[in-house]
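Asks: Task: produce atomic coordinates for the following.
(chains A and B)
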Amino acid sequence: MPHQVPWLIFLLPFLSLIIISFVLRPFFNNRPKLGGYVTIGAIGISFIFSLWVLLEVFATPGHKLDIPDIQWLVIGDLTVQVGLLVDSLTAVMLVVVTLVSLMVQIYSQGYMHGDPGYHRYFAFMSLFTACMLGLVMADNLVFMFLFWEGVGLGSYLLIGFWFHRPSAANAAKKAFIVTRFGDFGFLVAILLLFYNTGTFNIEELHGLAVAGALAGTILTWAAIGIFAGAVGKSAQFPLHVWLPDAMEGPTPVSALIHAATMVAAGVFLVARMFPLFEHSHAALTTVAVIGGFTAIFAASMGLVMTDIKRVLAYSTISQLGYMMLGLGVGGVAVGIFHLFNHAFFKALLFLGAGSVNHSTGTFDMREMGGLRKAMPWTYITFLIASLSLAGIWPLAGFWSKDEVLVYSFANNPILFYLAMITVFMTAFYMFRAIFMTFGGEYRGGAASGHGEHGGGKLHESPMVMVVPMVILAVLSVASGWVNVTGSFSQFLGHGGHVEAHGFIDGFLGILTHPLPLISLLVAGLGIFLAYAMYSAKWISAEAVGRVFKPLHTLFYMKYWFDELYERVIVVRVLVDGIFAALSVFDSRVVDGAVNGVARGTNEASGVMRRAQTGQLQAYGIAIAIGVIAIAVCFYLFS
Amino acid sequence: MSVGLEHYLVLSAVLFSIGLYGVLAKRNAVVILMCIEIMLNAVNIALVAFSRYVVPMLLTGQIFAIFVIVVAAAEAAVGIAIIIAIYRNRQSVDVDKFDLMKW
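Replies: Residues are numbered from 1 along each chain as shown, chains lettered A, B, ... in the order given. So this is what the prediction gives:
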């Protein structure tokens, strides 16, 4: 394979951005379809190249391609090389990102049809995809940080896509600023690593960590700093508050960025730097604990939300917690396997929510209901994705969730119980959403003005939206099967615990183990409870809400985290504390220095201008004395 | 006593100093113009003296003195024209009163 191919994978979407912004938008603004075609073409080719790279990596012994570096910066002794690190982890991420991105772009053609910002939308989507692909292939931390911020920028631009809505503009700012706290940790970690090792190169850092040259407190702090970046990007507790608000963006954006790819970048980052975490027990435990806690914490809020996208948003945070837990207790293969499956079914769920919105004009589930008759395709694909997310055998989610549970059981019983309760909650809130949206009778009708599309007659979405959903549905069923025999884990370099058995044996044999059966039972219970409360109505949801009033309020108010951050951190600490101090510093010290210099100059000039008498002869005397003085000096000192 | 280079140079320096004093100290603009002429002539004496005593085979310094005389004539014409213009404007040739460039 020519080594230009991996470069092209991320340069093509970038080219698409340039074509759309500099050619299509200025000169072909009356033909918006072109922007979509250019983007889909570029990402389609990237997808094909990604598959090629995946096959190539699979065939290479050691599962790593050697791609020559390009010199980027030389500052003194420091040389920054730009290169690509293409190993099994990268190859898997490339395929996931390009595939989901391709599906979302095709879907967007229908969803964004007629939007005045159509070109802008596809330009931003190209930018985001390019940065995401660059991020997964970067071989040094500086390069990676560049793209890391690039995806943050893409996210900001797309959350605030409808910037005329104040809520969208605020959500965009919130997402950018909250993730900034995590990015700060990441940057500090990069500098700390460079200060101690003199290299930014990821593989060299791996080598140093494995060899023990990089160890102890420095390694732990560096790993925790990197994890702080991941916490921000992957919306883990306590920086989770931005993701639910990010749902203000167009729904396909939520599907691509805030479900399948960018939020998974944090998980990817931890996986990429895993040798560092592996050699620091404290850092690895932190990852597992934060992940396990976030999983149950976010799921509890998902239980009571009435906005379908917010349910999915909390579900995403919860599942990202699962991935972190998987990384913390089981290693790269476990976390990335869940990321791989989650990308497909969660993107599908968001596309389904967008399809529902396309028809009803709202995201409020209380105004939906009965949509399964009007939108059969959306219903079936949404149901498949929900079953997969709930972890029902033999769909994709079952396989990866099972691995996380197995490893957490072996590692830490408390985390295992948290994860098990999360399984129950996940099944419950997903089926609550299904019964409220698709079951019963249609309750809406009045255009609420909240959604992205006007209300109207219920209808199935156009083919251009349905086809990507069907493709993703197929993947949501089947993507988990790649690891039935343990081959996916082996590909990702997971030593040990690879059972040599056939596909059929593994496929059916898993049901003979107790743990998967228990998790299936728990998920089934969650589905049954949702059925009892929201479909059959044996139990009144309102009554349950009254009985557990304090708990319901706690969940519904999102544990008051937004209020805590806004009133305490933003208002007290930042506005009244730091900003007020900086304001005083600015007005006293900075302005004082500037004004002082000006006043000093003014007063000095008041004295100095007395010398300017306007008498030419006085100037002449000064010149004459000066010349004589120079001559004397010359005579004396030469 | 034979007259040498030093004598010419002393004469030149004395004339130059008188001229400089006049330029700096006199009030009357016409007198200042005359003093400038004295300074120029002091320079001419020095040029010719150097030419005669240092490089007697070359006439560079003497030719140069003629240039200075030409320029001095032109300068005197321009200078007097300026003085006449100022006089018409302000009815005075006293340079102490021409302090419009003062702050």
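
Asks: The longest helix along chain A - contacts with which helices or strands?
Replies: Residue-count comparison of every helix in chain A, with assignments taken from DSSP state H, identifies helix A:166-197 as the longest. Of the remaining helices and strands, those touching helix A:166-197 by 3 or more C-beta pairs under 8 Å, 6 or more residues apart in numbering or on different chains; DSSP states H and E are helix A:141-159, helix A:202-211, helix A:216-233, helix A:242-245. The C-beta positions use only the backbone N, C-alpha and C, and glycine is treated the same way.

Asks: redo that, cut-off 6 Å
Replies: Contact partners of helix A:166-197 among helices and strands, from 3 or more C-beta pairs under 6 Å, 6 or more residues apart in numbering or on different chains; DSSP states H and E: helix A:141-159, helix A:216-233, helix A:242-245.

Asks: near chain B, which residues of chain A show up?
Replies: A:R609, A:Q612, A:T613, A:G614, A:Q615, A:Q617, A:G620, A:I621 (C-beta under 6 Å from any C-beta of the partner chain).

Asks: hmm, try it at 7 Å
Replies: For chain A, the residues in contact with chain B under the definition C-beta under 7 Å from any C-beta of the partner chain are A:R609, A:Q612, A:T613, A:G614, A:Q615, A:L616, A:Q617, A:G620, A:I621, A:A624.

Asks: Output the helices and strands packed on helix A:166-197 in CSV; the columns should cover mean pLDDT and distance to A:A396.
Replies: Conversion of the helices and strands packed on helix A:166-197 to CSV gives the following (pLDDT from 0 to 100; distance: least, C-beta to C-beta, whole Å):
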stretch, mean pLDDT, distance to A:A396
helix A:141-159, 91, 25
helix A:216-233, 90, 23
helix A:242-245, 88, 22
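
Asks: list the contacts for the closest residue to A:M436 other than its chain neighbours?
Replies: In space, not counting the residues next to it along the chain, A:M436 is nearest to A:M365; the distance is 4.1 Å by C-beta to C-beta, 6 or more residues apart in numbering or on different chains. Contact criterion C-beta atoms under 7 Å, 6 or more residues apart in numbering or on different chains gives A:T306, A:I308, A:A433, A:M436, A:T437 as the residues in contact with A:M365.

Asks: In helices, which of those appear?
Replies: Where the contacts of A:M365 overlap with helices, as defined by DSSP H, the overlap consists of A:I308, A:A433, A:M436, A:T437.

Asks: so the first one touches A:F363, yeah?
Replies: Yes: taking C-beta atoms under 7 Å as the definition, A:I308 is a contact partner of A:F363 at 5.3 Å.

Asks: Compare neighbour counts for the two and give me the winner.
Replies: Set side by side, A:I308 and A:F363 give different neighbour counts by other C-beta atoms under 10 Å in any protein chain shown, the larger being at A:I308 (27 against 24).

Asks: Quick check: pLDDT value at the more buried one.
Replies: Turning to A:I308, the model gives it a pLDDT of 89.

Asks: got the helices and strands packed on helix A:166-197 as a markdown table, with mean neighbour count columns?
Replies: Compiled in a markdown table, those are given as follows (neighbours: other C-beta atoms under 10 Å in any protein chain shown):
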| stretch | mean neighbour count |
| --- | --- |
| helix A:141-159 | 22 |
| helix A:216-233 | 23 |
| helix A:242-245 | 24 |
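
Asks: and residue 35, what is it in contact with?
Replies: Picked chain A for this. A:I20, A:L24, A:Y118, A:H119, A:F122.

Asks: You answered for a different chain; I wanted chain B.
Replies: With contacts taken as C-beta under 7 Å, 6+ apart, B:C35 has the following neighbours: B:G19, B:G22, B:V23, B:K26.
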